[in-house]
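Novice: structure here, sequence nowhere to be found:
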């Protein structure tokens, strides 16, 4: 069931278009991430949905009700900011109970609810403390508890993890996701961290220059990026410049590569042939495998679980060496004795190739 | 600033309505206490003495009178020289306070503040005792006279020093230690670090300090009157036109002219400050100076010399207040503190001042802080908020004499429903608050800008009325700044003269005005005594503030501790 | 918990104090509750004269209470004009006659001939019927000479205006700035009247060489001379006399050419709500008793026969008073000040 409908939403500041004609549906209980580089409009969209920075035109419907013209206080949402925005002079318990007190709930009922919420975010003993006495991760949990206290229908998270240490960030990702799943609250999270979006979201909305580039599940976004921008922004991607010879053939530096059939592109057009580093195949290459080429390992960077290799292929055109990166597992490196300067054969599986207009 | 193109009209919540109502009310109030009184006087610049409209005739005659025009040049000259002296002096002092290890830092910090507590009469009197024809150090002037340009500059340096120092201490205190570590690591020489890191870091503070000093000197009239000799400046010209010749039209013209450089300085300051916001980083690592004997010794020496200078002026005033008949009978007496002998109101005027100062501090702080909050936090509503900003900034550029006269014309106009305020303590309080509105408003705005801008968004999402967040969260967090504003108002209310001199009534005469009257009547010692009492009162209040900050606030603000 | 209670208490007490202070401000704004008629009197009398004057009047008029508004002549005059459209003063008692005459031309004065006004010396009356203002006493602009400093610098004692332009006194004279002080104006107006305009300006050109400063106050020059800050002060008489009484080594000198003077006057403001009480004050101000009071501080008073001999005051003052054409003074004020400003003000940079 559609919970939130955004229709033709635009936001302009003078001549600058911060959001252009955004249309988007979010289902009830869904966890959606707005992903994009800074300045892409993702926070603007979130704040428009909250009513904090109203749109210039377009409509927003929440649970079937048109909320486009409602001030924030009349919409139904809880919000968590990157800065936590905890009230520093109130105790954790007062912070969490802040929205409850104004609803004139009974004192005992409020206290019980606060205890429940604090337990829920894993801080059962933090009640009497002041925010400054907590770590960043703990503060963000308090902020989350406060946002959830009034049981809002929509939870808005504005870069909630960006200010935290890497380890804390990892742990909180899981906790937030688990909590969201348990409560079933429709959630929108803004982030510029693609890994965060991939691990947490049910669906990702990739944005750039105030427009939506692609909407899809993490797998869809990763496997089938709809544009060169998405391909580049989410995960790592090699871009090989070439020319489309036929709908299923791209020529790069004089060598033809087979690729999935392209429909929107005309033969003769300049294109980028794209492949993710982990999709470059090295082992057990059968005879006659498509898109085979010989490369030399120019650099080998140890990244931990695997190594990222920079490969140089001397193709037919003498003017340009083609370079790409490929991820080699530790096993592979050991088995094949790969090191700098090693020459080996690789294949670019056609079904892993993507082609975008250059 | 970016203006959203409004096509979707967003409805107003109760919060929005209340806030907008508040802003409108504030705009109306500022219009009444700043805008209309000023206009009531400045409009006279377009009238002749009989009240007939004459267009720009008064301006034409002003600019064709060389003596008057000369005063404008003198004002600029004196302001420029004072600024050039005060700013480096204050910079070094602030540098010593923030970047070196001083033995009695708190003492140096306190001494630097003393001039703020003193009516501008005090340095004038002290300089006459020190360097006048009968002064102790007259020989130092080498036959020159303290009356005139030199005297004005020295007194202005004394008077403006703390203002510049306060701004520069803030500017230098916010430095990022990491920049210095980086410079050290790169092996930059001390001098190079100073010119490439320290100075640029304090650039905005320096510009701000320079402009504040410039404006203070341009608009001040007390010092020029006491020690200016024949050196005419714009502020004394207003006095001459208005008090000497009762020529309000010409006084209004000079007032307008006076407004120009001060307004210009103000606009520059605004533009500079706007850029500064973007430069502040939230994650700076505070710089804690490490002991370094040579540098610390020089810094201590410098601060000691400056402090001696300040204390000498204060000390001279105190000593002068105890002398029987200077310079012919130097025996000491407390008679000069029996103010009833010199002024019909006696000590009453002192208590009036205290009452007025408390009233101004309470009313002014409430108004300024609430007002700044309303202007900062109201959504959209740009035009009315703009009006409020303009009216809040205006008083800084307005000389007190001009504002005071405007108050008579406006509040005493027949049919003004606010006429009941006239000749009461109320009008003194309102006038003082209006006169010092700008700094309080800026302080409050700065404090509000430093707290998380999302508090109001959070409250809205939690359906908590915004004023509840104002009382429960914003105000407690800003308490230190609120106290600062209150103290600022108290101290200035104790010393202000130019604006209230037209407005006091028999029952509400103020100590600062009494001091001027007593001085005019020739009883310098009693005038000095009254100034000393004012300084001591303000200093005592400031000390109480510091103690409160240390002990009381510490308890109320336990949440600041980690 | 204890900490919190203390904190709360302090806040509550602070809030109470604040409320009380606000209430005080509010109370002050409310009209004072009084059974007596409160007469608001604007004055430029000296501070120390106010109390005796008030007590003496109130003793004879028990139903009336005086509330003084006192400041320098310039401030009071400016304030009265600024309040013109909605006067706050009931009566003027002890303000320069030139100011009150100005108010009369502006229609701010309620003409009234006090009982017994006929007895006064003619020059102490406005010349209008009924009188717009009535003089109380005269004050003079004379020369204060510091004898101690004179002896130190071996300077002769001047006896005339002409003496003051001698090179002996280079940079050692102070006088009030006519553009900011009424005393300053009456001083130069006297010279122009005694010497004639042309010679008068020539005299001032020469005097300008000896002037150390034009001060923004009529009483300050004699005070500065009294304190030895300057050798000679040209300015108000009674300040010089009172400084001498306090022990200042000065002589008050009446230049033999004669000197300028100004009257202090009483007048009733048009539109006063306390006209009866105001008239009572105007009546009382011309009585012998009042004149005897004036005579304690002023050498010349309105009522003939009242012996005026303030302490340390020059005895030969009254005959020295020039025949002062007040109308001429008022008519030519703007022209003379403009000329004076052009010649001496502004371009007279401080002398090094």
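Specialist: Sure thing, it's come through. All figures in this text were calculated on a predicted structure; none of them were measured in a lab.
Novice: which residues does residue 311 contact?
Specialist: In the absence of a named chain, chain A is used. With contact taken as Cβ atoms under 8 Å, 6 or more residues apart in numbering or on different chains, residue A:311 is in contact with A:280, A:295-298, A:323-326, A:346. (Each C-beta comes from the backbone N, C-alpha and C, glycine too.)
Novice: to clarify, I was referring to chain B.
Specialist: With contact taken as Cβ under 8 Å, 6+ apart, residue B:311 is in contact with B:111, B:114.
Novice: could you check how far it is from chain C?
Specialist: 24 Å (Cβ to the nearest Cβ, to the nearest Å).
Novice: next up, the contacts around residue 322.
Specialist: Using chain A here. With Cβ under 8 Å, 6+ apart, residue A:322 has these contacts: A:240, A:252-253, A:312-313, A:315.
Novice: my question was about chain C
Specialist: Residues in contact with residue C:322 (Cβ under 8 Å, 6+ apart) are C:190, C:193-194, C:258-261.
Novice: try it again at 6 Å.
Specialist: Neighbouring residues of residue C:322 by Cβ atoms under 6 Å, 6 or more residues apart in numbering or on different chains: C:190, C:194, C:258.
Novice: count the neighbours of the first one for me.
Specialist: What it means is residue C:190. Residue C:190: 25 surrounding residues under other Cβ atoms under 10 Å in any protein chain shown.
Novice: quick one: which helix or strand includes it?
Specialist: For residue C:190, the element it lies in under DSSP states H and E is helix C:182-195.
Novice: can you get me a residue count around the one residue in chain B that gets nearest to chain A?
Specialist: Residue nearest to chain A within chain B (Cβ to the nearest Cβ): residue B:462, separated by 3.0 Å. Residue B:462: 24 surrounding residues under other Cβ under 10 Å.
Novice: now swap in the one 10 residues further on and tell me
Specialist: Residue B:472 is surrounded by 18 other residues when neighbours are defined as other Cβ under 10 Å.
Novice: could I get the full set of helices for the chain?
Specialist: Unless you meant another one, I'm taking chain A. Applying DSSP state H to chain A gives helices spanning A:42-50, A:92-96, A:98-101, A:107-120, A:136-148, A:166-183, A:194-200, A:218-223, A:228-233, A:330-336.
Novice: meant chain C, my bad for not saying
Specialist: Using DSSP H, the helices found in chain C span residues C:2-29, C:47-60, C:73-82, C:97-105, C:147-153, C:182-195, C:197-208, C:220-226, C:237-245, C:275-285, C:288-294, C:317-320, C:326-344.
Novice: could you say which of those helices is packed most deeply?
Specialist: Highest mean neighbour count among the helices of chain C (mean count of other Cβ atoms under 10 Å in any protein chain shown): helix C:220-226, with a mean of 30.
Novice: list the contacts for residue B:108?
Specialist: B:102, B:303.
Novice: mind running it again at 7 Å?
Specialist: Applying Cβ atoms under 7 Å, 6 or more residues apart in numbering or on different chains to residue B:108 gives the contacts B:97, B:102, B:303, B:307.
Novice: any figure for the gap between residue B:38 and residue B:391?
Specialist: Distance, residue B:38 to residue B:391, using Cβ to Cβ, to the nearest Å: 9 Å.
Novice: so for stretch B:105-119, mean pLDDT?
Specialist: For stretch B:105-119, mean pLDDT is 89.
Novice: buried ones in it?
Specialist: B:108-109, B:111-119 (16 or more other Cβ atoms under 10 Å in any protein chain shown).
Novice: ditto for stretch A:37-56
Specialist: Quick answer for stretch A:37-56 (16+ other Cβ under 10 Å): A:40-56.
Novice: ditto for stretch A:17-25
Specialist: Per 16+ other Cβ under 10 Å, stretch A:17-25 contains these buried residues: A:17-20, A:22, A:24.
Novice: mean confidence for it?
Specialist: Taken as a whole, stretch A:17-25 has an average pLDDT of 90.
Novice: so what's the gap between that stretch and the chain middle?
Specialist: Counting by Cα atoms, centre = their mean, to the nearest Å, stretch A:17-25 is centred 18 Å from the centre of its parent chain.
Novice: repeat that for stretch C:185-205.
Specialist: Computed by Cα atoms, centre = their mean, the chain-centroid distance of stretch C:185-205 equals 22 Å.
Novice: does residue A:358 touch residue A:274 like I think?
Specialist: No - under the criterion of Cβ atoms under 7 Å, residue A:358 makes no contact with residue A:274, lying 10.8 Å away.
Novice: look at the two and report which has more neighbours.
Specialist: Taking other Cβ under 10 Å, residue A:358 and residue A:274 do not tie; residue A:274 has more neighbours (22 against 14).
Novice: bridged to the more buried one, which residues?
Specialist: Assessed by DSSP bridges, residue A:274 has beta-bridge partners residue A:239, residue A:354.
Novice: quick one: residues contacting it.
Specialist: Listed by Cβ under 7 Å, 6+ apart, the contact set of residue A:274 reads A:231, A:237-239, A:353-354, A:356.
Novice: ok, 10 Å please
Specialist: Each residue near residue A:274 by Cβ atoms under 10 Å, 6 or more residues apart in numbering or on different chains is listed here: A:225, A:228, A:231-232, A:237-240, A:259, A:324, A:348, A:352-356.
Novice: let me know the closest of the contacts of residue B:108 to residue B:449.
Specialist: residue B:97 (24.4 Å; Cβ to Cβ).
Novice: just to revisit the earlier point, which neighbours do residue A:358 and residue A:274 have in common?
Specialist: By the contact definition Cβ under 10 Å, 6+ apart, residue A:358 and residue A:274 are jointly contacted by A:228, A:239.
Novice: for chain C, find the nearest of the helices of chain A.
Specialist: helix A:92-96 (13.0 Å).
Novice: so does the closest one get close to chain C?
Specialist: No - on the criterion Cβ under 10 Å from any Cβ of the partner chain, helix A:92-96 is out of touch with chain C, staying 13.0 Å away.
Novice: closest to chain B among the contacts of residue C:322?
Specialist: residue C:190 (17.6 Å).
Novice: distance of the residue lying closest to the closest one once chain neighbours are set aside relative to chain B?
Specialist: For residue C:190, ignoring the flanking residues on the chain, the nearest one in space by Cβ to Cβ, 6 or more residues apart in numbering or on different chains is residue C:260 at 2.7 Å. From residue C:260 over to chain B the distance is 17 Å, taken as Cβ to the nearest Cβ.
Novice: report the contact partners of residue C:260.
Specialist: Here residue C:260 is in contact with C:139-142, C:183, C:185-194, C:234, C:320-322, C:324, C:329 (criterion: Cβ under 10 Å, 6+ apart).
Novice: and it, what are its phi and psi?
Specialist: Here is the backbone geometry of residue C:260 (degrees, to the nearest 10): phi -80, psi 150.
Novice: how many neighbours does residue 120 have?
Specialist: Because you didn't say which chain, this covers chain A. Residues lying near residue A:120 (other Cβ under 10 Å) number 17.
Novice: let me rephrase: I mean chain B.
Specialist: Around residue B:120 there are 27 residues (other Cβ under 10 Å).
Novice: same thing with residue B:505?
Specialist: The number of residues packed near residue B:505 is 18, by other Cβ under 10 Å.
Novice: per-residue confidence at it?
Specialist: 83.
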